[in-house]
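Return atomic coordinates for the entry below.
(one chain, ligands or ions: 1)
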Amino acid sequence: MTPYPAHRLAVAPMMDWTDRWCRLFHRRLSARTLLYTEMVTAPAVIHGDRARLLGFSPEEQPVALQLGGSDPAELAAAARIGADFGYGEINLNVGCPSDRVQSGRFGACLMQEPALVADCVAAMRAAVPATVPVTVKCRLGVDDQDPETALDALADAVLAAGADALWVHARKAWLKGLSPKENRDIPPLDYDRVVRLKARLPHVFVGINGGIADLDTAEALLARGLDGVMIGRAAYHDPSILAAADRRLYGAPGPDADLFQVVEAMRAPIAAHLAAGGRLGHVTRHMLGLFQGRPGARAWRRILTEGAVRPGAGLEVLDQALAALTSRTQPTAA
Ligand SMILES: Cc1cc2nc3c(=O)[nH]c(=O)nc-3n(C[C@H](O)[C@H](O)[C@H](O)COP(=O)(O)O)c2cc1C
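Numbering: from 1, shown residues only. Got it, this is the predicted structure:
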C-alpha cells in the first residue's frame, strides 16, 4: 500500500466549482488542506483537451485528480496521464448519482458492482507510480442496499485491489427519483456508519464527508477516530472556514490566513489570467463568499458579481469591492 498522507481536511470534488482558480484561492487560505479537482471522465482525459481539463499550478498541491469511469483500461490510461501531469493522488468517483453518469455506468451506481470497482482500482494502481495514492470516494450504498453490507463489500473489494484510502459521503444515494442536488440533502446522513467502518479497518485511512459545516464538527469527527474530514459546500460558500484549518487541524503555529492578504495574493494570478485572455469572473466567482458574515460582505459580493461581467473587467473591480468592506476601516474595539 502507498502510504497515505495524514490529510485531516479536504475540500470535496465539485463539478463547475473546484476548478483550478477555486483551488488556487483555497490554497491561499490553507497550506495543508487536500484539494480535489472536479470529476473528469476517463474518456475525456484520454481524448479531450488535456491542458484545459487537467492543467493546474504546482502551487495548488497537494491536489488530487478525481476520475469518473468504469472501464479498467480507460481508467488506467487516465490515471497514468493524471500522474504524469503531477497530481498527488488519483481518486475514483463512486458517489455521483446524476443520470448522465448512471447511463455511463459509473458514479454511485457502482456501489452495486464492487468487483468491477475493484478491477478499476487494480488497473489504476498498476498504472501509476507507487508514490501516488489511488483512492475511492463512495456513498454508504444506493437505493435499497443495506449500508452495513454494501459499504463493507465496496471497501473490502477496493482495499484488496490496492486502494490507499477511502473517503465516504455518509449517506446513501437514491438513483431513482432524486436529482443530484436532492441526493446531497435528502437521504439522511449516518456518520456512525462511517465511524464503524473505520473501527473495523483501523489500519486504513477512512475520511468522512457530508453536511460538515465548520471546524468544530470536523474536530469532533476526527476525535471519533476518523482520519480525515472532507468539506464541500460549506467550504465553497464560506471559504473563510479554511483559514483556521492549518492551526486547528494540523497543529501549525499560525497565525491564520488574513482574508485581505488572501485577496492581495490573488492579484498576480488574476492579472496573469487576464493577460492570457481570461475573464475576471472565472476567478472572482469563487471568492464571493470570502467575507460572509462580516460587515460589507454583501457589497463585496454584489460589486464582484456585477463588475466581473462588464466587458474588459479588470483588477479595478477587486479594488472597488475591497473598498466596500467597511470592516477594514472601522476602528477595532479596545
Ligand atoms: C456543485 C457540486 C458539484 C459536485 N461534484 C462532484 C464531483 O464532481 N465528484 C464527486 O465525487 N462529488 C461531487 N459533489 C459532491 C461533493 O463532493 C460532496 O460529496 C457533497 O457535496 C457532500 O458534501 P458537503 O455536504 O460537505 O457539500 C458535488 C457537490 C456539489 C455541491
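
What is the helix or strand where residue 268 lies packed up against?
Here residue 268 is covered by helix 259-275, with elements defined by DSSP states H and E. With contacts defined as 3 or more Cβ pairs under 8 Å, 6 or more residues apart in numbering; DSSP states H and E, helix 259-275 has these neighbours: helix 20-29, helix 280-284, helix 315-323. The way it works is simple: take the backbone N, C-alpha and C, and place the C-beta from them, glycine included.

which of the ones you listed sits most buried?
Most buried of the helices and strands packed on helix 259-275, by mean neighbour count (mean count of other Cβ atoms under 10 Å): helix 20-29, with a mean of 23.

Model confidence score at the residue of the stretch 151-300 of the chain found nearest the ligand, please.
The nearest approach of the stretch 151-300 of the chain to the ligand comes at residue 232, 2.7 Å away (Cβ to the nearest ligand atom). Residue 232 is assigned 98 on the pLDDT scale.

how about the nearest residue to it, chain neighbours excluded?
Closest residue in space to residue 232, ignoring its immediate chain neighbours: residue 12 at 3.4 Å, by Cβ to Cβ, 6 or more residues apart in numbering.

burial count for that neighbour?
23 (other Cβ atoms under 10 Å).

residues in contact with the closest residue to residue 186 other than its chain neighbours?
Excluding the flanking residues, the one nearest residue 186 by Cβ to Cβ, 6+ apart is residue 178, at 5.9 Å. For residue 178, the contact set (Cβ atoms under 8 Å, 6 or more residues apart in numbering) comprises 97, 186-187.

one step back: among the helices and strands packed on helix 259-275, which is nearest residue 309?
Closest approach to residue 309 among the helices and strands packed on helix 259-275 (Cβ to Cβ): helix 280-284, 6.3 Å.

and for that closest one, what are the contacting residues?
19, 21, 24-25, 266, 269-270, 273-274, 304, 307-309, 313-315, 317-318.

Could I get the average pLDDT for the helix or strand harbouring residue 217?
Using DSSP H and E, the element containing residue 217 is helix 215-223. Taken as a whole, helix 215-223 has a mean pLDDT of 98.

Tell me the buried residues in that helix?
215, 218, 221-222 (16 or more other Cβ atoms under 10 Å).

Can you name the element that comes right after the longest strand along the chain?
Assignment by DSSP state E gives strand 34-41 as the longest strand of the chain. The element immediately downstream of strand 34-41 (helix or strand, assigned by DSSP H and E) is helix 42-47.

got the CA coordinates for that following helix in PDB?
The C-alpha coordinates for helix 42-47 follow below in PDB (Å, rounded to 0.1, in the frame of the first residue of the first chain):
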ATOM      1  CA  ALA A  42     -11.600   8.800 -18.200                       C
ATOM      2  CA  PRO A  43     -12.600   9.200 -21.800                       C
ATOM      3  CA  ALA A  44     -12.400  13.000 -21.600                       C
ATOM      4  CA  VAL A  45      -8.800  12.700 -20.200                       C
ATOM      5  CA  ILE A  46      -7.800  10.300 -22.900                       C
ATOM      6  CA  HIS A  47      -9.500  12.100 -25.900                       C
END
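
hmm, who's touching the helix or strand that comes right after that helix?
Next helix or strand after helix 42-47 toward the C-terminus (DSSP H and E): helix 50-54. Here helix 50-54 makes contact (Cβ under 8 Å, 6+ apart) with 37, 40, 44-45, 65, 81-82, 85, 87.

Look up how far residue 98 lies from the residue nearest to residue 186.
Distance from residue 178 to residue 98, counting by Cβ to Cβ, to the nearest Å: 10 Å.

returning to what we had before: from memory the residue nearest to residue 232 sits against residue 230, does it?
Yes. Counting by Cβ atoms under 8 Å, residue 230 is a contact partner of residue 12 at 5.0 Å.

Next SSE downstream of the lowest-mean-pLDDT helix or strand in the chain?
The weakest-scoring helix or strand in the chain, judged by mean pLDDT, DSSP states H and E, is helix 99-103 (a mean of 61). Following helix 99-103 in sequence order, the next helix or strand is helix 114-127 (DSSP H and E).

what about that next one, distance to the chain center?
Its chain's average C-alpha position is 22 Å from that of helix 114-127, according to Cα atoms, centre = their mean, to the nearest Å.

Residues in contact with that helix: which ones?
By Cβ under 8 Å, 6+ apart, the surrounding residues in contact with helix 114-127 are 67, 69-73, 75-77, 79-80, 83, 90, 92, 94, 110, 134, 136, 153-154, 156-158, 160-163.
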